[in-house]
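In: kindly generate the corresponding structure for this input.
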Amino acid sequence: MVTTLLLKQLTIFFIYMAAGFMMVKLGILKGEDSKVLSLLCIYVLLPCAILKSYQAEYTPELRDGFMLAMGAAVTAQLVLMAVTYGISGICHLDATEKASIMYPNSANLILPLVAGVLGDHYMIYASAYSCVQGIFIWTHCTSMMKGSRDMNWKKVFLNINLITVVVGIIMFFGQIHLPKLALDTLGGFSAALGPISMIVIGMLLYNVDWKNIFQNVRVHLVVALKMVILPLGAAVIFKCTPIRTLAEDGEMILLVTLFAIMAPSATLITQLAQINDRDERYAAAINAMTTVVCIVSMPLLTMWYMK
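Out: Here you go, the predicted model:
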């Protein structure tokens with residue numbers, strides 16, 4: 001059932017992507033217009049989706065589930081980093097390749113995907129991964145892409161999405177509920193996150209040189225590591241160890257974390273490559289390929305996990 005819903009939701013997302021692709025192809029929009037929509041997603045739609053996810057009724061079961069989701073997110077991020085660095089010497093991975101493997105598109109894709117497949121009440125667990133990844137991506141990832149150990153702590157602590165997570169957690173544990181009008185407004189913005197995020201990806205895919213992607217062996221290596229080997233390892237750990245018994249409905253909570261691990265590479269990597277004088281076309285190629293592959297890899301891994 002979950003696999004069927006996932007495949008259906010991914011198909012809908014790819015239709016949104018096709019719409020973005022065609023709008024650029026037909027000249028309705030330009031490829032660079034995607035930046036405006038990206039800013040809308042990052043600074044308006046995503047914070048609204050995160051805040052809405054924390055407007056859940058507090059229960060001990062939900063509290064335990066949230067703590068499991070946070071623990072799983074931290075562990076998953078650290079393991080992804082450790083494994084990637086472990087194989088880096090063998091596979092001769094550069095900074096762009098390592099970042100693409102370690103950091104999935106866990107916000108713009110996973111939050112609306114979880115809402116569509118599992119329901120709004122599971123979004124609080126998806127936001128846990130986004131929170132953890134946000135800290136790592138604005139510290140470790142940015143310094144790695146710059147080739148420097150300097151940390152921009154201002155960007156970390158003033159990141160609107162991290163601020164929203166903190167506010168949301170305070171409201172959740174303090175049981176501070178927003179009025180219905182505010183909730184309905186947040187719900188409307190949240191519903192737009194998935195379609196607009198996918199339209200942005202479709203617009204970016206228009207300028208991708210697909211011929212060079214398929215001829216580049218390095219891209220296939222990174223995609224295999226990112227979309228198959230590491231997610232499969234995570235699925236085995238979640239399925240075959242007692243970790244899912246730590247909270248009621250632990251299997252489904254860990255599935256949310258697994259969704260994030262199985263997600264394509266973060267689109268932010270392309271932007272970081274661009275501003276740090278790395279090959280942004282290569283980063284975009286990895287992002288494009290992992291996005292295409294996920295429509296097959298995510299349902300197959302989910303089906304195995306749910307058996």
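
In: ok, residues contacting stretch 108-120?
Out: Here stretch 108-120 makes contact (C-beta atoms under 8 Å, 6 or more residues apart in numbering) with 2, 5-6, 9-10, 12-13, 41, 46, 49-50, 52-53, 104, 122-123, 125-127, 129-130, 190, 193-194, 197-198, 200, 252, 255-256, 259-260, 263-264, 267. (Each C-beta comes from the backbone N, C-alpha and C, glycine too.)

In: also stretch 224-238?
Out: 72, 76, 79-80, 83-84, 87, 91, 100-101, 104, 243-244, 254-255, 257-258, 261-262, 264-265, 286, 290, 293-294, 297, 301, 304-305.

In: cool, stretch 31-51 as well?
Out: With C-beta under 8 Å, 6+ apart, stretch 31-51 has contacts from 20, 24, 107-108, 111-112, 115, 123, 127, 130, 160-161, 164-165, 167-168, 171, 185-186, 189-190, 192-193, 196-197, 199-200, 203-204, 206-207, 267.

In: contacting residues around the residue nearest to Asn212 when sequence neighbours are not counted?
Out: Among residues not flanking Asn212 along the chain, Ala285 sits closest, at 7.1 Å (C-beta to C-beta, 6 or more residues apart in numbering). Going by C-beta under 8 Å, 6+ apart, Ala285 touches Val208, Asp209, Asn212, Ile213, Asn216, Val219.

In: show the low-confidence segments of the chain, by residue range.
Out: By pLDDT under 70, the weakly predicted segments of the chain are 150-152, 155-156.

In: what residues does the closest residue to Glu97 other than its chain neighbours make contact with?
Out: Excluding the flanking residues, the one nearest Glu97 by C-beta to C-beta, 6+ apart is Val222, at 5.1 Å. Contacts of Val222 were listed using C-beta under 8 Å, 6+ apart, and they are Leu93, Glu97, Ser100, Ile101, Ile286.

In: what strand or helix carries Val222?
Out: Following DSSP states H and E, one finds Val222 within helix 217-224.

In: buried sites along the very next helix or strand once past that helix?
Out: Sequence-wise, the next helix or strand downstream of helix 217-224 (DSSP H and E) is helix 230-240. Neighbour counts over helix 230-240 (16 or more other C-beta atoms under 10 Å) mark Leu230, Pro231, Leu232, Ala234, Ala235, Ile237, Phe238, Lys239 as buried.

In: distance of the fifth one from Thr257?
Out: What that stands for is Ala235. 10 Å (C-beta to C-beta, to the nearest Å).

In: quick check: next helix or strand after the one helix or strand Thr4 maps to?
Out: If you go by DSSP H and E, Thr4 is part of helix 2-25. Downstream of helix 2-25, the first helix or strand assigned by DSSP H and E is helix 34-40.

In: please save the CA atoms from that following helix in CSV.
Out: Below are the C-alpha coordinates for helix 34-40, written out as CSV (Å, rounded to 0.1, in the frame of the first residue of the first chain):
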residue,chain,number,x,y,z
SER,A,34,13.8,29.2,-11.3
LYS,A,35,15.9,31.2,-8.8
VAL,A,36,12.8,33.3,-7.9
LEU,A,37,10.7,30.2,-7.3
SER,A,38,13.6,28.6,-5.3
LEU,A,39,13.7,31.7,-3.0
LEU,A,40,9.9,31.4,-2.6
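
In: look up phi and psi at Pro104.
Out: Pro104 has phi and psi values of phi -80, psi 170 when expressed as degrees, to the nearest 10.

In: excluding its backbone neighbours, what's nearest it?
Out: Spatial nearest neighbour of Pro104, chain neighbours left out: Ala263 (3.9 Å); criterion: C-beta to C-beta, 6+ apart.

In: then Ala126?
Out: Using C-beta to C-beta, 6+ apart, the nearest residue to Ala126 is Val114, at 4.3 Å.

In: after the host helix or strand of that neighbour, next one along is what?
Out: If you go by DSSP H and E, Val114 is part of helix 110-117. Next along the chain after helix 110-117, taking DSSP H and E as the criterion, comes helix 123-136.

In: beyond that following helix, next helix or strand please.
Out: Downstream of helix 123-136, the next assigned helix or strand under DSSP H and E is helix 142-146.

In: that's all I had, so thanks and see you.
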